[in-house]
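*Asks:* Just need the structure, nothing else, for what follows:
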Amino acid sequence: MRAGTGAPPATSGSGSVAAEVHTRVRRRWDAAAETRRDTLDAVSAHDIDADVPAAVGRALEVILQGRLDDAAAVDGTFAQDIAARAARFTLEGGKRIRSQFLWWGLRACAGGRDPGQTETALHLAAGLELVQTCALVHDDVMDGSPLRRGRDAVHVDVQTQYGTPTAGGPGEPFGAAAAILVGDLALSWADDVLASVDLDDAKARQVRALWQSMRTEMVAGQYLDLQGQAIGSRSIIRSIRTASLKGALYSVERPLAFGAALAGADETATRALRSAGRCAGIAFQLRDDLIGAFGDPAETGKPSGDDIRDGKGTYLLAVATARAEATADRELLTLLNACVGRADLADADVRRVREAFVTTGARAIVEDKILRLIRTANRHLGAGAFVPHADRRLRELFHRVAGLSAAGDPAAPSAPRGPRAEGRSR
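*Replies:* Predicted structure coming up:
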């Protein structure tokens, strides 16, 4: 399962930005690479419990070192422009939320005691992080988002390397095409990681089936999101369906199911984890909706009001529209129809849409639904006889991704703790 040896590829003359990108990745490794690899093999469950993101980060360093070696053997320019960016994006930033759900799902089902199982879990978690790289890089291209984690999005970064973007905006053809390749490469690496894990036949079939479903669901959710923007959808039912596919399954339920599968959990425990994960995952996406509308750019690393300008068919927007229709408030309906989905929408108009979300009661309804979903998720967890300390950590994670305090209070809008703070900056 070791994913390659040697140092990252040397830089060559394909531009100072490419060299800088590659150097930043290269610094991740030092002369003790083999010692670190041996440490990864021998890491204990107790060590991972103490800091899951750090443990997954170490696994990614080993895996990506090998992938960069392979890329350099193919072509130096490709290694610097594409492979190094995929590696850097994956290594830098983030809370590793999906990895944490996988790990604590495993631990909740009394898994992680065998060193081989522990290493397998870390590698599979690393694979999830690479899938997330693909999803985020492609998402930025599709949305034309100029920023990610407070820095240039990948397509903007590539375009800038080869020439300042023109008035056409951040989605210049070359930068966008290169970013698509960065995402494609990350997804290919993720599949390589899955193929490398050592599982018995029964578990291998189960894990691969989950992986295949997750990838398809992720694409389906993204397409529904895009198509909803194109047709101006305001459907409550559709918004929840999109939230389930785009957020709940991919971000929470499937990672928990991977953990249960690796632990060899029985049907009752697996069902309890998946049901809890579905509820918590929808809450995760609904919090994302709120932060997409009300979030502080200093916290999110994204422009304020992005989802309003993009015309995202969120549950928040669907509820606001339904409430305005129910009260025959033509002024509010006119405002929503005129402003939502306008890429050039002025900040003042963004504020007016936000006010509409509040005055219709939509924001309060979404907050209440998030709280009820997390309570339901916790009840589902109670149906399984899970290891106490892992059960507790899962409940804490549910609250965190939903933007709730441990007591279940909504997070303050100025300090978002949902997926845009957890995810967009990761």
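
*Asks:* and the residue of the chain positioned farthest from its centre, how far is that from Leu102?
*Replies:* Ranking residues of the chain by C-alpha distance from their mean position (CA atoms, centre = their mean) puts Ala328 at the top, at 38.1 Å. Separation of Ala328 from Leu102 (CB to CB, to the nearest Å) stands at 48 Å. For the C-beta atoms, the positions are set from N, CA and C on the backbone; glycine is no exception.

*Asks:* what comes up buried for stretch 378-391?
*Replies:* Of the residues in stretch 378-391, those buried by neighbour count under the rule 16 or more other CB atoms under 10 Å are 378, 380-381, 384, 386-387, 390-391.

*Asks:* Run the chain-centre distance for that stretch.
*Replies:* In terms of CA atoms, centre = their mean, to the nearest Å, the centre of stretch 378-391 is set 24 Å apart from its chain centre.

*Asks:* okay, how far is it across that stretch, tip to tip?
*Replies:* By CA to CA, to the nearest Å, the extent of stretch 378-391 from end to end equals 9 Å.

*Asks:* Check stretch 160-178 too.
*Replies:* According to CA to CA, stretch 160-178 extends 12 Å from its N-terminal end residue to its C-terminal end residue.

*Asks:* ok, back up a step: tell me which element the residue farthest from the centre of the chain falls in.
*Replies:* When secondary structure is defined by DSSP states H and E, Ala328 falls outside every helix and strand.

*Asks:* do the same with the one 3 residues further on
*Replies:* Remark: Glu331 resides in helix 330-339, with elements defined by DSSP H and E.

*Asks:* contacts for that helix?
*Replies:* The set of residues that contact helix 330-339 without belonging to it, under CB atoms under 8 Å, 6 or more residues apart in numbering, is 308, 317, 320-321, 324-325, 345, 349-350, 352-353, 356, 359-360.

*Asks:* Mind doing that once more with 6 Å?
*Replies:* Contacting residues not belonging to helix 330-339 are listed as 321, 324, 345, 349, 353, 356 [CB atoms under 6 Å, 6 or more residues apart in numbering].

*Asks:* residue contacts, Gly221?
*Replies:* Under the criterion of CB under 6 Å, 6+ apart, the contact partners of Gly221 comprise 242, 245-246.

*Asks:* per-residue confidence at it?
*Replies:* Note for Gly221: predicted pLDDT of 94.

*Asks:* Next SSE downstream of the stretch of helix or strand it belongs to?
*Replies:* Following DSSP H and E, the helix or strand that holds Gly221 is helix 201-231. Using DSSP H and E, the helix or strand that directly follows helix 201-231 along the chain is helix 236-243.

*Asks:* Quick one: name whatever helix or strand follows that following helix.
*Replies:* helix 254-263.

*Asks:* quick one: that following helix to chain centroid distance?
*Replies:* How far helix 254-263 lies from its chain's middle: 17 Å, per CA atoms, centre = their mean.

*Asks:* Output the contacting helices and strands for that helix.
*Replies:* Of the remaining helices and strands, those touching helix 254-263 by 3 or more CB pairs under 6 Å, 6 or more residues apart in numbering; DSSP states H and E are helix 97-108, helix 201-231, helix 267-294.

*Asks:* Of those, flag the one that's most buried.
*Replies:* Each of the helices and strands packed on helix 254-263 was assessed for mean neighbour count using mean count of other CB atoms under 10 Å. The highest is helix 97-108, with a mean of 28.

*Asks:* Look at the residue farthest from the centre of the chain and report its pLDDT.
*Replies:* According to the model's per-residue confidence, Ala328 sits at a pLDDT of 96.

*Asks:* before we move on, the earlier item: switch the contacts of helix 330-339 over to a markdown table, and while doing so, append neighbour count, secondary structure and pLDDT to every line.
*Replies:* Supplementary listing: these in a markdown table, determined by neighbours: other CB atoms under 10 Å; DSSP: H, G, I helix; E, B strand; the rest coil; pLDDT from 0 to 100:
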| residue | neighbour count | secondary structure | pLDDT |
| --- | --- | --- | --- |
| Thr321 | 23 | helix | 97 |
| Ala324 | 23 | helix | 96 |
| Leu345 | 19 | coil | 93 |
| Asp349 | 18 | helix | 95 |
| Val353 | 23 | helix | 97 |
| Ala356 | 24 | helix | 97 |
